[in-house]
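Asker: Quick one, structure for this:
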Amino acid sequence: MASKDDAPDGAANGNGSAAQPSLNVLAQYVKDLSFESPGAPNSLRGRDKAPGIAINVNVNANPLSDKQFDVNLTLNAKASFDQEVLFNVELVYGGVFAISGFPQEHMLPILFIECPRLLFPFARQIIAEATRNGGFPPLMLDPIDFAQMFQQKLAEDQAATKVKVS
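Answerer: Prediction:
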């Protein structure tokens with residue numbers, strides 16, 4: 001009876017087939033973390049209603065080599081009540097990824113959807129701890145649909161291109 005390891009799989013058996021696609025996280029790091037509570041300690045007092053919270057998310061990717069990429073997930077969260085800023089937290093959380101074996105047309109979705117999706121849970125935890133350590137309840141960010149963000153960015157870029165051509 002043949003084992004699973006005996007089955008031909010291209011690269012493993014040396015017949016010249018391409019290697020299996022791979023996406024590996026080589027490193028994760030905090031590039032920048034800022035927490036401000038300009039009205040403390042007054043901003044820490046209890047309130048009748050919840051503050052307004054504005055959240056911005058951005059993703060950037062830069063090649064380090066042919067197969068290694070630095071992906072940065074930037075999260076900004078600002079809580080305010082009336083005109084008073086309660087807190088402002090900014091995190092740039094990065095990851096170095098080794099990506100190989102994927103067709104070129106798949107690279108942008110991998111860099112701008114899959115890589116930030118892998119980084120997000122760690123960045124979310126850092127934001128929660130920073131707000132908790134600042135004296136506020138932990139800010140637990142909702143999951144982010146990076147595929148939708150990517151599609152929206154592509155649509156905006158296409159619209160901008162059409163405007164320039166017209």
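Asker: CA only for contacts and neighbour counts going forward, please
Answerer: Will do.
Asker: Could you report the neighbour count for Asn76?
Answerer: Other residues near Asn76 come to 18 when the count uses other CA atoms under 10 Å.
Asker: who does the residue nearest to it when sequence neighbours are not counted bridge with?
Answerer: In space, Asn76 comes closest to Glu90 once its chain neighbours are excluded; the distance is 4.4 Å by CA to CA, 6 or more residues apart in numbering. On the basis of DSSP bridges, Glu90 is bridged to Ser34, Asn76.
Asker: Near Glu90, how many other residues are there?
Answerer: 19.
Asker: average pLDDT for stretch 49-63?
Answerer: The predicted model assigns stretch 49-63 a mean pLDDT of 94.
Asker: Please point out which parts of that stretch sit buried.
Answerer: Across stretch 49-63, burial judged by 16 or more other CA atoms under 10 Å covers Val59, Ala61.
Asker: For Gly135, what are phi and psi?
Answerer: phi 100, psi 0 (degrees, to the nearest 10).
Asker: Report the contact partners of it.
Answerer: If a contact means CA atoms under 8 Å, 6 or more residues apart in numbering, then Gly135 has Leu44 as its contacts.
Asker: Give me the distance between it and Glu129.
Answerer: 10 Å (CA to CA, to the nearest Å).
Asker: Could you find the closest non-adjacent residue to Phe136?
Answerer: Nearest non-adjacent residue to Phe136, counting by CA to CA, 6+ apart: Leu44, 6.8 Å away.
Asker: And that neighbour, what's its pLDDT?
Answerer: 82.
Asker: Run through the residues that contact it.
Answerer: Leu86, Gly135, Phe136.
Asker: Just the element for the last one, please.
Answerer: Right, the one you point to is Phe136. Phe136 belongs to no helix or strand when assigned by DSSP states H and E.
Asker: Thanks a lot, see you next time.
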